[in-house]
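# One predicted model, sequence on top.
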Amino acid sequence: MPRYAVRPPSRSSAEAGGVHSVDRALMVLGAFRKGDGALTLAELAVRTGLVKSTTLRLLASLQNFGLVERQEDGGYSLGLEITRLNEVFTASFSIEQVVLPAMRTLAAKTGESVAFHVRQGDRRLCLYRVESQHPLREHGNAGDLLPLERGAGGRVLLAFSGAAGPVYDTVRKNGVAIMRADRVPDLAGISAPVFGHGKKLVGAITLIVPLTRFDPSCAVHVRKAAIEITRRLGFNWTEAVAKRGQTHDV
């Protein structure tokens, strides 16, 4: 019997066939936060909710694999193996793997065309596109260059790049641009920003709809798609939007 009761992990993978001890080791790694230097055993135990003896054993295993390092003063910091793994991930990562599934889901939910725009100088590039199955739709292609100052996607890219003016203030406040006939007379668009490393603006996911089928309530789905892409890129969408003067939550 252990001297102390071992608290189960707060995020257990046991039901999916995982291992509690691995869950607890990952809790220790997850206890390190941005700006941390070395943490003491006591600090790690408090942050994880584990007893010190359990935390110490987990640290020994993590240290053995280079995931943590023990400093001369007895504190613990992340190890060099973390850097190596990050380099492997960065080299193999493609934003397409994250963006396209969310675009397909949005297109399936709404029945409309979806585009992902990125800024390219004073224009915007359609990087990816998923077409509506309706016969009546806007026809566009990945690779199209479009104006920044017209259309929902362009408005979002400008708003979250700091553009001034009432239109952009509203976009930042709502976290989404809803535009009717802004670029093409018979089209409407709904667009939301996507953020990546350091809450940096990565692009805009945009729903493109003929005015005859336009439903502003689809903004909920567009915003959720932007939140999901940002989450899968490892960041919090609401925090990134709030940093640019937006307080509305989903």
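Sure, I can see it.
# What residue spans form the domains of the chain?
14-89, 96-243 (automatic domain parsing).
# looking at those domains, which is buried most?
domain 96-243 (a mean of 19; mean count of other C-beta atoms under 10 Å). Placement of C-beta: from N, CA and C, glycine included.
# Do me a favour and get the end-to-end distance for that one?
26 Å (C-alpha to C-alpha, to the nearest Å).
# Tell me the pLDDT of D182.
pLDDT for D182: 87.
# All further residue positions should be reported with the first residue as 51.
In the new numbering, first residue 51, that becomes D232.
# wait, doesn't it sit right on E199?
No: with contact defined as C-beta atoms under 8 Å, D232 does not count as touching E199 (9.4 Å).
# List the residues that are in contact with both of the two.
Between them, D232 and E199 share these contacting residues under C-beta atoms under 8 Å, 6 or more residues apart in numbering: R205.
# pLDDT weak spots in the chain?
51-67, 139-143, 295-300 (pLDDT under 70).
# List the contacts of the nearest residue to L257 once chain neighbours are set aside.
Spatial nearest neighbour of L257, excluding adjacent residues (C-beta to C-beta, 6 or more residues apart in numbering): I240 at 4.5 Å. Shown in contact with I240 (C-beta under 8 Å, 6+ apart): A202, V226, A227, I228, M229, T256, L257, V259, P266, C268, A269, V272.
# got a list of contacts for stretch 79-94?
Contact with stretch 79-94 is made by 78, 97-98, 102, 105-106, 109, 112, 117-118, 121, 123-128, as judged by C-beta under 8 Å, 6+ apart.
# go with 10 Å
Where contact means C-beta atoms under 10 Å, 6 or more residues apart in numbering, the residues beyond stretch 79-94 that reach it are 60-61, 77-78, 95-100, 102-103, 105-106, 108-109, 112, 117-129, 132.
# mind listing which of the contacts of I240 are in helices?
Among the contacts of I240, the members falling in helices (DSSP state H) are A202, A269, V272.
# and the helix or strand L76 falls within, how far out from the chain's middle?
Following DSSP states H and E, one finds L76 within helix 70-80. Distance of helix 70-80 from the chain centroid (C-alpha atoms, centre = their mean, to the nearest Å) equals 23 Å.
# got the CA coordinates for the helix or strand following it in PDB?
Next in sequence after helix 70-80, counting helices and strands by DSSP H and E, comes helix 91-98. The C-alpha coordinates for helix 91-98 follow below in PDB (Å, rounded to 0.1, in the frame of the first residue of the first chain):
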ATOM      1  CA  LEU A  91       9.000  19.900  -6.400                       C
ATOM      2  CA  ALA A  92       6.500  21.600  -4.100                       C
ATOM      3  CA  GLU A  93       5.300  23.900  -6.900                       C
ATOM      4  CA  LEU A  94       4.800  21.000  -9.300                       C
ATOM      5  CA  ALA A  95       3.000  19.000  -6.700                       C
ATOM      6  CA  VAL A  96       0.600  21.900  -6.100                       C
ATOM      7  CA  ARG A  97       0.000  22.600  -9.800                       C
ATOM      8  CA  THR A  98      -0.700  18.900 -10.600                       C
END
